[in-house]
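1. Just need the structure, nothing else, for what follows:
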Amino acid sequence: MTQHNMKEDMKRKCRVLIISGVIPAINRGGGCLALHRHFIEREDFEVMVTGSSLDGCSCENTIRLSHSRVAHRLRRTCLARLVSNIEFFINWCRLPTGLERAARDWNPDIIFTVPDNIHSGWASRLAVGLGVPLVTNYQDLFPLSRFINLNNRPYDWVSRWLMRRFHQLHERSELVFYTSEGMRDWFGGHANGHVLYPIGDQVTVNVPVRHDAADETVLVYAGNCYGAYGRMLLRLANRLIDSSSIKLRIYAVGNDWLDNDVKRFQDAGIYRGYIPFEKLKAELDAADAYLTVMSFEPEEKPFVQTSFTTKWLDYAPCAKPVFVWAPLYSSAATFALEHKCGVVVDVDDDKQVVNAVKATMSNPDAVCQVSEASTVVANGCLSAGAIHRRLKENLDSIAPCKFTVR
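-> Okay, here's the model as predicted:
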């Protein structure tokens with residue numbers, strides 16, 4: 001290699017091939033938005049994305065993987081769930097046609113995956129086939145998730161099989177990122193494992209402003225409104241629909257409420273649906289306090305122990321109180337109590353949430369204390385710059401060659 005070529009090689013960026021159902025995208029949920037902020041919004045890497053669902057992907061460089069014609073047809077029948085479960089097994093045994101050739105042509109330095117029920121086996125096999133490091137970013141325990149459509153949900157015994165594969169993937173990976181301390185503890189840690197919180201927008205952190213107690217509190221929830229979360233929010237909305245002291249506002253991509261409930265709470269100004277992030281930021285700035293929830297239902301315990309509520313990244317910089325309605329074992333309650341940056345309501349009782357909001361917001365000292373703690377985490381462990389540096393430095397450290405581009 002000539003000196004000129006060596007210099008050119010040192011200047012190029014690390015090439016990352018992402019293979020997952022969680023892809024860089026702006027309007028596909030918190031996990032996808034985090035990958036967009038790491039890999040697309042910041043130009044520290046050359047990126048290619050491959051997967052079976054690329055709708056909304058914000059990366060221009062993609063390899064689309066498609067199901068067989070037979071499987072595609074069967075997915076429209078009563079056999080849809082059976083077909084999905086069969087494919088979960090097949091995907092650990094063989095790669096889709098043409099994937100390895102396309103990947104070799106692009107020549108990645110790293111295979112990066114957010115493990116899910118469909119793509120994890122492909123990511124593992126492809127990394128071995130190409131002889132490049134495998135990096136896993138555990139964001140959710142997808143085999144156990146209740147938020148997945150029933151036709152795509154693993155049977156219970158398949159879920160247990162997939163979780164064993166998740167543990168094998170953990171052992172085979174050269175680098176592991178965990179979305180929370182709870183996720184790290186679930187897998188038992190890794191020699192090269194790091195907690196990597198979801199990354200928020202690059203915003204200016206507000207300075208807490210002391211206010212006198214007000215007669216009205218605008219309480220904003222932005223996030224998931226399905227399943228157990230949706231049921232909790234529906235109970236709280238019912239309690240607050242006629243409240244003159246707490247004005248609840250729910251922003252969500254969708255919900256699984258009955259149509260009558262949706263209309264009722266839309267008409268009341270409580271349920272406001274989806275709005276683009278730029279508009280949501282304005283609503284967050286105008287709010288007095290924020291709400292995050294995690295399920296108390298026993299079957300959801302693994303999920304709430306390990307996941308991390310992404311909206312905290314958007315709440316904290318606003319320097320206002322965050323109310324955490326969640327069990328003590330949840331990652332949200334653990335984080336709030338450790339950093340003293342949230343008011344925790346650890347009982348499954350919507351009346352207690354209302355009481356906590358009223359008691360806190362009527363106490364200017366309590367509001368100031370929690371708001372100041374929010375700015376500390378926003379400037380510290382939840383800082384977008386710090387979170388991205390952790391990812392970049394660790395990816396660069398395991399790549400076959402070192403890169404100088406910053």
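2. Can you tell me the closest non-neighbouring residue to residue 142?
-> Computed as CB to CB, 6 or more residues apart in numbering, the closest residue to residue 142 that is not its neighbour in sequence is residue 116, at 4.6 Å. (Glycine included, C-beta is placed from N, CA and C.)
3. Mind pulling up the pLDDT for that neighbour?
-> You'll see residue 116 listed with a pLDDT of 95.
4. ditto for residue 10
-> 51.
5. in the protein, which spans are strands?
-> For the chain, the strands defined by DSSP state E occupy 14-19, 45-51, 62-64, 110-113, 134-138, 175-178, 193-195, 217-222, 246-251, 271-273, 289-293, 322-325, 343-345.
6. any idea which of those strands scores lowest on pLDDT?
-> The bottom spot among the strands of the chain, by mean pLDDT, belongs to strand 62-64, with a mean of 89.
7. how about that one: buried residues?
-> By 16 or more other CB atoms under 10 Å, the buried positions in strand 62-64 come out as 62, 63.
8. So which elements touch it?
-> Here strand 62-64 touches strand 45-51, helix 99-106, going by 3 or more CB pairs under 8 Å, 6 or more residues apart in numbering; DSSP states H and E.
9. Switch the ones you listed over to TSV; also include mean neighbour count and distance to residue 272.
-> As requested, the helices and strands packed on strand 62-64 are exported to TSV (neighbours: other CB atoms under 10 Å; distance: least, CB to CB, whole Å):
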stretch	mean neighbour count	distance to residue 272
strand 45-51	22	31
helix 99-106	14	41
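10. Any idea which of those gets closest to residue 328?
-> Relative to residue 328, the nearest member of these by CB to CB is strand 45-51, separated by 36.2 Å.
11. how much does the closest one deviate in direction from strand 14-19?
-> Inter-element angle recorded for strand 45-51 and strand 14-19: 10 degrees (by axes from the mean of the first three to the mean of the last three CA atoms, to 10 degrees).
12. And the helices in the stretch 301-406 of the chain, which stretches?
-> Using DSSP state H, counting those that start in this stretch, the helices of the stretch 301-406 of the chain run over residues 301-306, 312-315, 331-339, 350-361, 364-379, 384-398.
13. what's in contact with the shortest one?
-> So the one you mean is helix 312-315. With contact meaning CB atoms under 8 Å, 6 or more residues apart in numbering, helix 312-315 is reached by 197-201, 222, 280-281, 284, 290, 292, 322, 332, 335, 374, 382, 384.
14. Tabulate the strands of the chain (TSV), appending distance to residue 395.
-> Putting those into TSV (distance: least, CB to CB, whole Å) gives the following:
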stretch	distance to residue 395
strand 14-19	6
strand 45-51	7
strand 62-64	20
strand 110-113	6
strand 134-138	7
strand 175-178	7
strand 193-195	11
strand 217-222	30
strand 246-251	33
strand 271-273	36
strand 289-293	29
strand 322-325	31
strand 343-345	35
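15. shaky segments in the stretch 301-406 of the chain?
-> For the stretch 301-406 of the chain, applying pLDDT under 70 flags the ranges 401-406.
16. Could you dump the helices and strands packed on strand 62-64 into CSV and include distance to residue 136?
-> Below are the helices and strands packed on strand 62-64 laid out as CSV (distance: least, CB to CB, whole Å):
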stretch, distance to residue 136
strand 45-51, 15
helix 99-106, 17
